[in-house]
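Asks: Pasting the sequence and the predicted coordinates here, then a few questions.
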Amino acid sequence: FRKLDLRAMARAPKSRWFAAGSMSVNHLATFIQAALIIFLTTAAKEVGAALKFVLAMIAAGLPWVGARLRLQEGWIHDRVRAELLRSLMYSHDPGSPLRPAALDLFEQEGPFLRSAALQLVGRRLGWERARDRYLTKRIDDQIRFFEKQGRRAENKMKFFGKLFWAASWGAMIFTGGAVFMKLYAALTKNPIQADWEKWGVEFIPVLLPGIAAWSLAMISVFEFKRRAGLYGHLVETLRRLRPKLEEAKCASAADQTIRQIERLLLNELWEWQGSRRK
């Protein structure tokens, strides 16, 4: 479990960076080209076009490199097996070791889970001690983990959401202002000041929509909104099921509740497993 967990943690930051990097480089290419065209000489148009082409090729190649390195697939494989082992270590008792929790969701991992479960037969504690251990080591630890990760995802989502909101409204304001300023200049025959025309009329209205699009892309790639909602729901459900397990009066009642909780905790892994097969 430790080996798989460490390997999955090492791969996790890299699994989405190729997609996020591709989007970021693509937007950066647009910004650089706009800056070169607006603030430098006419010859900069060709330089900007060439630079944008090079950066666009890099952006297009990053997802391909990530796919060739199989980082996402390797991370999913390690994380799924690590979490299945974590589940097994805390739920093998009082149930049958030959029928680990949520085995029906991971049929292709059946031999792996059964062989691991057999190693735990000699460590069974009895259903009451196993229940108490599950309450503190599994449920309480997962609640703390999901609360921390949920707050982190929510804070990230708020940051990128505010950035999107500011960039979107700023783009509307500057674009509308640029239109009215050009119209006013045409009607009054008074030219717009050169510095203001470069910044307020030409550059900022191009820059801000790109920032807004990039912000939405980061929320989507890193799934901040989905994770914040999912982790909050998991915390509420675990807190609701905890007293049910705490009040269990027999091994079968404890086993039934534990299996219900494990299906809840392993459901996201089942979704990842489906994306790995594709």
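Replies: Sure thing, it's come through. This structure is a prediction, so every number in the text was calculated from the model and none was measured.

Asks: Which strands or helices does the helix of greatest length in the chain pack on?
Replies: Using DSSP state H, we find that the single longest helix of the chain is helix 141-188. Contacts defined by 3 or more CB pairs under 8 Å, 6 or more residues apart in numbering; DSSP states H and E place helix 141-188 against helix 204-221, helix 224-246. Using the backbone N, CA and C atoms, a C-beta is placed for each residue, glycine as well.

Asks: Run the chain-centre distance for stretch 115-126.
Replies: With CA atoms, centre = their mean, to the nearest Å as the basis, stretch 115-126 stands 34 Å off its chain's centre.

Asks: Could you pull out the buried residues of that stretch?
Replies: Going by neighbour count (16 or more other CB atoms under 10 Å), the buried part of stretch 115-126 is 116-117.

Asks: quick one: contacts of that stretch?
Replies: Applying CB atoms under 8 Å, 6 or more residues apart in numbering, the contact partners of stretch 115-126 are 85, 88-89, 92-94, 97-98, 100, 130, 133.

Asks: Find the least confident helix or strand in the protein, judged by mean pLDDT.
Replies: helix 194-196 (a mean of 68; mean pLDDT, DSSP states H and E).

Asks: relative orientation of the longest helix of the chain and helix 204-221 in degrees?
Replies: Regarding helix 141-188 and helix 204-221, their directions subtend 160 degrees when assessed with axes from the mean of the first three to the mean of the last three CA atoms, to 10 degrees.

Asks: if we can go back for a sec, apply the buried test to the contacts of stretch 115-126 and list what passes.
Replies: Buried, going by 16+ other CB under 10 Å: 85, 88-89, 92-94, 97, 100, 130, out of the contacts of stretch 115-126.

Asks: Now intersect these with the helices, please.
Replies: Filtering the buried ones among the contacts of stretch 115-126 for helices - DSSP H - leaves 85, 88-89, 130.

Asks: What's the per-residue pLDDT of the spatially most central residue of the chain here?
Replies: Most central in the chain under CA atoms, centre = their mean is residue 222, positioned 2.9 Å from the mean C-alpha point. pLDDT, residue 222: 85.

Asks: residue contacts, it?
Replies: Residue 222 neighbours (CB under 8 Å, 6+ apart): 16, 20, 156.

Asks: redo that, cut-off 7 Å
Replies: Counting by CB atoms under 7 Å, 6 or more residues apart in numbering, residue 222 touches 16, 156.

Asks: just for the stretch 51-200 of the chain, where's the confidence low?
Replies: Where the stretch 51-200 of the chain drops to pLDDT under 70, the residues are 66-69, 194-197.

Asks: so what secondary structure elements neighbour whichever helix or strand residue 272 is part of?
Replies: Using DSSP states H and E, residue 272 maps to helix 251-277. Secondary-structure packing of helix 251-277 (3 or more CB pairs under 7 Å, 6 or more residues apart in numbering; DSSP states H and E): helix 71-91, helix 127-133, helix 224-246.

Asks: Who are the packing partners of the shortest one?
Replies: Meaning helix 127-133. Taking 3+ CB pairs under 7 Å, 6+ apart as the contact cut, helix 127-133 packs with helix 251-277.

Asks: which SSE is the closest residue to residue 185 other than its chain neighbours in?
Replies: Nearest residue to residue 185, sequence neighbours excluded (CB to CB, 6 or more residues apart in numbering): residue 192, at 5.2 Å. When elements are assigned from DSSP H and E, residue 192 belongs to no helix and no strand.

Asks: what's around the nearest residue to residue 154 once chain neighbours are set aside, how many residues?
Replies: Spatial nearest neighbour of residue 154, chain neighbours left out: residue 228 (4.2 Å); criterion: CB to CB, 6+ apart. Around residue 228 there are 20 other residues, counting by other CB atoms under 10 Å.

Asks: what's the answer for residue 190, then?
Replies: 9.

Asks: secondary structure class for it?
Replies: coil (DSSP: H, G, I helix; E, B strand; the rest coil).

Asks: List the single closest residue to it in space, sequence neighbours excluded.
Replies: Spatially, and ignoring its direct neighbours in sequence, residue 190 is nearest to residue 184 (7.7 Å; CB to CB, 6+ apart).
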